[in-house]
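K.L.:
Here is my input; please provide its structure:
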Amino acid sequence: MKCYGLSALTDLWGDFIVYRNLKPADPRLPALDDLRGKLNLSLGVVPRKNETDYARVVVEILKQARTLASPGLEIRRIIFLGDTRLLDSTAFANLCEAGGWPGLAFIGSETAAPFAAQTEPMPGGQVLYLSNRWAALDDAFRKFVADQGFPVDEHTALLIDMDKTALGARGRNAAVIDNARVQAVEETVASLLGSAFAPQGFRAAYDLLAQPEFHPFTGDNQDYLAYVCLILGSGLETLEGLVSRIRSGKIRAFRQFIAEVDARSSVLPSSLEAIHKEILTNVQAGDPTPFKSFRYNEFRITSARMGWLPEQAVVEKLLSEEIVLTREVRDLAQEWRRQGALVFGLSDKPDEASLPTPPLAAQGFIPLHHKPTHVVGE
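P.N.:
Numbering: from 1, shown residues only. Modelled structure (predicted):
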């Protein structure tokens, strides 16, 4: 493993990226709200990455991006790079179906086991290439694409998952992204609870409720989890009592939990009343990112963990303490971009955790995809 200097995600795709709210960073491209009428989408609903409506929106954005970059040309095929077998392959299949495009996808997750790779056909005719080495992008995946008779040219769109693929590669560097998020939750809850904050109690609640067993309750939504930890920290309910009610089926969903809290909000500490009402209002409005102050902290902490170590830092330290760019992903994207492919970034990270607020921008903060950081790879 080696460090290859500094780079930013803009070196892969410029501002051709969408975060969770499906509002492209490049203002020339249509956003979700611009496309609702054309696609007959409900107001106030933001489709998530594994949903078909998400794919329909992204397909329209991609078509416009291709026209901007190469007028008169159209997308005829897509290649997808991701890190999660279920979520990314579902998003990939949906994109292929919505665009009417053939596609190939690379799903990577580094392990200590000997190199392994396998291909897996999908029902729609797409093919997945799964590997436990990001370095497979250097030769093996390129050969696979060529063997499939898949040209990489102006009619090809290369879609790259940002989180834990291009940035903080899964199995190699992803823990630093997760640690930044946990730190943001802890700092947010601590600031709201003040002297009542108990670090050990917080970690016990967070670590347990973050487990897959409780995803049906939290919706695997970090905003919901952060709010639950806040309420537990206030003493309104105990972790043991909540876990017992979830496991017995007495409480099944986060919306039920926050409704119960609202019914008892008169006994909440006065310092929490405003934040509770704000989060409740956002949840009722269908906002998938209702805990704004937590996400603003996540942005600040994530940004601080990018590109902060000295150039001479050893690779092991870079991988354990800094969020780094994946060298193999960067090189593939830049090579195929030179061949004419449209390179586009996708991220399910909330916009609030990816872009600076006006006050932070005034302090010099920039979007995560603009932030230079070290590039590490084999």
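
K.L.:
just checking, I107 is part of a helix?
P.N.:
No - going by DSSP: H, G, I helix; E, B strand; the rest coil, the assignment for I107 is strand, not a helix.

K.L.:
so what's it up against?
P.N.:
82-85, 88-89, 128-131 (CB atoms under 8 Å, 6 or more residues apart in numbering). (Glycine included, C-beta is placed from N, CA and C.)

K.L.:
which residues pair with it across the strands?
P.N.:
Applying DSSP bridges to I107 gives these bridge partners: G82, L130.

K.L.:
Against F92, how distant is it?
P.N.:
To F92, I107 is 9 Å away according to CB to CB, to the nearest Å.

K.L.:
do the same with F115
P.N.:
Distance from F115 to F92, by CB to CB: 23 Å.

K.L.:
Looking at the contacts of I107, which gets the smallest pLDDT?
P.N.:
Least confident of these in the model: R85, at 91.

K.L.:
quick one: it and S131 touch, right?
P.N.:
No - between R85 and S131 there is no contact under CB atoms under 8 Å: 11.4 Å.

K.L.:
of the two, who's got more company?
P.N.:
Between R85 and S131, counting by other CB atoms under 10 Å, S131 is the more crowded of the two (22 against 13).

K.L.:
Quick check: the gap between that one and N94.
P.N.:
Counting by CB to CB - S131 and N94 are separated by 22 Å.

K.L.:
show me the residues around R264 that make contact.
P.N.:
R264 touches L236, counting by CB under 8 Å, 6+ apart.

K.L.:
Show me where the protein dips below the pLDDT cut-off.
P.N.:
Along the chain, the model assigns pLDDT under 70 to no residue.

K.L.:
Could I get the full set of strands for it?
P.N.:
Using DSSP state E, the strands of the chain run over 2-7, 17-18, 77-82, 103-108, 117-121, 127-131, 156-161, 325-326, 342-346, 373-377.

K.L.:
any chance of the ones you listed in a markdown table, plus distance to E273?
P.N.:
Listed next are the strands of the chain as a markdown table, based on distance: least, CB to CB, whole Å:
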| stretch | distance to E273 |
| --- | --- |
| strand 2-7 | 45 |
| strand 17-18 | 35 |
| strand 77-82 | 41 |
| strand 103-108 | 45 |
| strand 117-121 | 51 |
| strand 127-131 | 49 |
| strand 156-161 | 39 |
| strand 325-326 | 43 |
| strand 342-346 | 38 |
| strand 373-377 | 39 |
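
K.L.:
for the ones you listed, which one ends up most surrounded?
P.N.:
Most buried of those by mean neighbour count (mean count of other CB atoms under 10 Å) is strand 325-326; its value is a mean of 28.

K.L.:
Could I get the full set of helices for the stretch 251-378 of the chain?
P.N.:
254-263, 270-284, 292-304, 315-321, 327-338, 358-362 (DSSP state H, counting those that start in this stretch).

K.L.:
mind listing what's buried in the longest one?
P.N.:
It refers to helix 270-284. 272, 275-276, 279-280, 282-283 (16 or more other CB atoms under 10 Å).

K.L.:
pull the CA atoms of the longest helix belonging to the chain into CSV?
P.N.:
The longest helix of the chain (DSSP state H) is helix 174-193. Output in CSV follows, covering the C-alpha atoms of helix 174-193 (Å, rounded to 0.1, in the frame of the first residue of the first chain):
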residue,chain,number,x,y,z
ALA,A,174,-14.3,3.0,5.9
ALA,A,175,-14.0,2.9,9.7
VAL,A,176,-12.8,6.5,9.7
ILE,A,177,-16.0,7.6,8.0
ASP,A,178,-18.0,5.7,10.6
ASN,A,179,-16.0,7.1,13.5
ALA,A,180,-16.6,10.7,12.3
ARG,A,181,-20.3,10.0,12.2
VAL,A,182,-20.3,8.5,15.7
GLN,A,183,-18.3,11.5,17.0
ALA,A,184,-20.8,13.8,15.5
VAL,A,185,-23.7,12.0,17.2
GLU,A,186,-21.9,12.1,20.5
GLU,A,187,-21.0,15.7,20.4
THR,A,188,-24.5,16.7,19.4
VAL,A,189,-26.2,14.7,22.1
ALA,A,190,-23.6,15.9,24.7
SER,A,191,-24.1,19.6,23.8
LEU,A,192,-27.9,19.2,24.2
LEU,A,193,-27.9,17.3,27.4
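
K.L.:
who are the neighbours of that helix, in terms of helices and strands?
P.N.:
helix 199-209, helix 222-234, helix 270-284, helix 292-304, helix 315-321 (3 or more CB pairs under 8 Å, 6 or more residues apart in numbering; DSSP states H and E).

K.L.:
outside of stretch 16-29, which residues touch it?
P.N.:
Counting by CB under 8 Å, 6+ apart, 9, 14-15, 30-33, 46-48, 54, 57-58, 61, 64-65, 68, 162, 288-289, 342-351, 354-355, 367, 369 sit against stretch 16-29.

K.L.:
contacting residues around stretch 287-298?
P.N.:
Contacts for stretch 287-298 (CB under 8 Å, 6+ apart): 20, 46, 48, 180-181, 184-185, 187-188, 221-224, 226-227, 275, 278-279, 282-283, 350-353, 357, 360.

K.L.:
Buried ones among those?
P.N.:
Judged by 16+ other CB under 10 Å, buried ones among the contacts of stretch 287-298: 20, 46, 48, 180-181, 184-185, 187-188, 221-224, 226-227, 275, 279, 282-283, 350-353.

K.L.:
Please name the nearest non-neighbouring residue to T357.
P.N.:
Y296 (6.1 Å; CB to CB, 6 or more residues apart in numbering).

K.L.:
Would you check how far apart that neighbour and S131 are?
P.N.:
Taking CB to CB, one finds Y296 at 36 Å from S131.

K.L.:
Also G345?
P.N.:
For G345, the distance to S131 - CB to CB - is 21 Å.

K.L.:
Ok, L43 next?
P.N.:
In terms of CB to CB, L43 sits 41 Å off from S131.

K.L.:
No more questions from me, cheers.
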